[in-house]
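**Student:** From the sequence below, what's the structure:
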Amino acid sequence: DSMKDYGQLSNRKLEEQQAGARVAVEAHKKNPADFVLWKLSSADEPGWESPWGRGRPGWHIECSAMSKRYLGEEFDIHGGGLDLIFPHHENEIAQSRCVHGTSVMAKVWMHNGFLQVEGQKMSKSLGNFVTINELMETEKFGGRKWGGAILRLAMLKTHYRQPIDWTVKSLEEAETNLNDFGQFQNHNNVSVPDEFIDSLVDDLNFWNGFTVLQKFRKDKRFDELSASLQFLGIGQTKVANIAGTASIKFKATGTLTSIPRESIVRLVEDRLLARHNKNWKESDRIRDELDAMGVAIKDNKDGTTTWEVKR
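**Tutor:** The predicted structure follows:
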């Protein structure tokens, strides 16, 4: 009997340890899995008088109260980290459904995976904590600044429910992808292919969508690739054009040759993307290529780039 009692006590201690791994178990709980609607406050803690004593709302009920006020008794999407499924979101659902008598709290629950940096959990204690603003404005990560489009694509390439390992290599790969995609803008306008949309509809499965984009490129389905990229807002740059003609003529090796305006615009856009990524060598190479064609480009103070045929 004593061994049986010891086993039961050990199981209860284990339950308490597991339940209290993230939040301390309240002493007055009958079971560690219970959750508190009203937390008692000591004299030095915030609190209000109530029929249950001086205290404050429990952690979970705060979120139910705020979502009810701003979103209603039922709403469409509730997000959060995977680590919040238990106990926080399960308790939110229980109390919200009970108080409102509804069949659901949120129609869709989207839980994101954990964030790692170079294979380690991101935390201030490890000194690897970095914000999006710091990535864009400082050289804290990888010894350089990173453009917003690069950061966005690097995130999208990992399904949001999966752990994200934030590495310099992953950002460099995203930058390479953007440089590659940039040359496929401005193709003929077509509808965004169902093949690509179906991936996004499937729980925002952009990773599969990314493989679809790569397939479009490999199969030379450039119009569909361009439509998909424009739908995502990837690789788009604004270029001011003052040439004013559908095509231009230039003198090269003694022969009069016509070049489609679209080819010039694409080269100018490629150069803008190279400048954005601080790839000055590639930027200079494209400028020289345009110069040899007889096209002069000018970077203006307002951030635009214009081009014209050299007189």
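
**Student:** Any stretches of the stretch 101-250 of the chain with poor pLDDT?
**Tutor:** 185-187, 235-250 (pLDDT under 70).

**Student:** Now with 50, please.
**Tutor:** The stretch 101-250 of the chain contains residues with pLDDT under 50 at 237-250.

**Student:** In it, mark out all the helices, start to finish.
**Tutor:** 132-137, 148-156, 168-181, 194-201, 206-218, 222-232 (DSSP state H, counting those that start in this stretch).

**Student:** Kindly reformat those helices as a markdown table containing distance to residue 85.
**Tutor:** Heads up, the C-betas are built off the backbone N, CA and C, glycines and all. A markdown table is the format used below for the helices of the stretch 101-250 of the chain (distance: least, C-beta to C-beta, whole Å):
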| stretch | distance to residue 85 |
| --- | --- |
| helix 132-137 | 25 |
| helix 148-156 | 21 |
| helix 168-181 | 26 |
| helix 194-201 | 23 |
| helix 206-218 | 22 |
| helix 222-232 | 29 |
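
**Student:** Any idea which of the ones you listed gets closest to residue 28?
**Tutor:** Nearest to residue 28, of all the helices of the stretch 101-250 of the chain, is helix 132-137, at 42.1 Å by C-beta to C-beta.

**Student:** Tally up the residues packed near residue 277, please.
**Tutor:** 21 (other C-beta atoms under 10 Å).

**Student:** pLDDT score assigned to it?
**Tutor:** The score at residue 277 is 73. That number is its pLDDT.

**Student:** I figured it hits residue 176, correct?
**Tutor:** No. The pair residue 277 / residue 176 is not scored as a contact, 9.8 Å apart, by C-beta atoms under 8 Å.

**Student:** Quick check: residue 190 vs residue 227, distance?
**Tutor:** 5 Å (C-beta to C-beta, to the nearest Å).

**Student:** For the two, indicate the residue with more neighbours.
**Tutor:** Neighbours were counted for residue 190 and for residue 227 using other C-beta under 10 Å; residue 227 has more, 20 against 13.

**Student:** Next up, the contacts around the more buried one.
**Tutor:** 187, 189-193 (C-beta atoms under 8 Å, 6 or more residues apart in numbering).

**Student:** Of these, just say which sits nearest to residue 305.
**Tutor:** Nearest member of the contacts of residue 227 to residue 305, counting by C-beta to C-beta, is residue 187, at 20.9 Å.

**Student:** How many residues are close by residue 164?
**Tutor:** 19.

**Student:** Same question for residue 44.
**Tutor:** Counted with other C-beta under 10 Å, residue 44 comes out at 6.

**Student:** sec struct for it, please.
**Tutor:** Under DSSP: H, G, I helix; E, B strand; the rest coil, the three-state class of residue 44 is coil.

**Student:** tell me the strands in the stretch 51-200 of the chain, going along the chain?
**Tutor:** For the stretch 51-200 of the chain, applying DSSP state E, counting those that start in this stretch gives strands covering 55-57, 75-81, 106-112, 115-117, 120-121, 164-166.

**Student:** Of all those, which one comes closest to residue 66?
**Tutor:** Per C-beta to C-beta, nearest to residue 66 of the strands of the stretch 51-200 of the chain: strand 55-57, 10.2 Å.

**Student:** Give the other helices and strands that the closest one contacts.
**Tutor:** strand 38-40 (3 or more C-beta pairs under 8 Å, 6 or more residues apart in numbering; DSSP states H and E).

**Student:** what's next to the strand it packs on, contact-wise?
**Tutor:** 26, 47, 50, 52-59, 61.

**Student:** Relative to residue 296, which of those is nearest.
**Tutor:** For those, the nearest to residue 296 is residue 59 (63.5 Å; C-beta to C-beta).

**Student:** Output stretch 133-152 as CSV, nothing but the C-alphas.
**Tutor:** Output of stretch 133-152 as CSV, limited to C-alpha atoms (Å, rounded to 0.1, in the frame of the first residue of the first chain):
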residue,chain,number,x,y,z
ASN,A,133,14.3,46.4,-37.9
GLU,A,134,17.8,45.5,-36.8
LEU,A,135,18.2,43.1,-39.7
MET,A,136,17.2,45.9,-42.1
GLU,A,137,19.0,48.8,-40.5
THR,A,138,22.2,47.4,-39.0
GLU,A,139,25.0,45.0,-39.8
LYS,A,140,24.4,42.9,-36.6
PHE,A,141,23.5,39.7,-38.5
GLY,A,142,25.9,38.4,-41.1
GLY,A,143,27.9,41.6,-41.2
ARG,A,144,25.5,43.4,-43.5
LYS,A,145,22.0,44.9,-43.9
TRP,A,146,19.2,42.7,-45.3
GLY,A,147,16.4,44.1,-47.5
GLY,A,148,12.8,43.6,-46.4
ALA,A,149,12.0,41.5,-49.5
ILE,A,150,14.8,39.1,-48.6
LEU,A,151,13.5,38.7,-45.1
ARG,A,152,10.0,38.1,-46.2
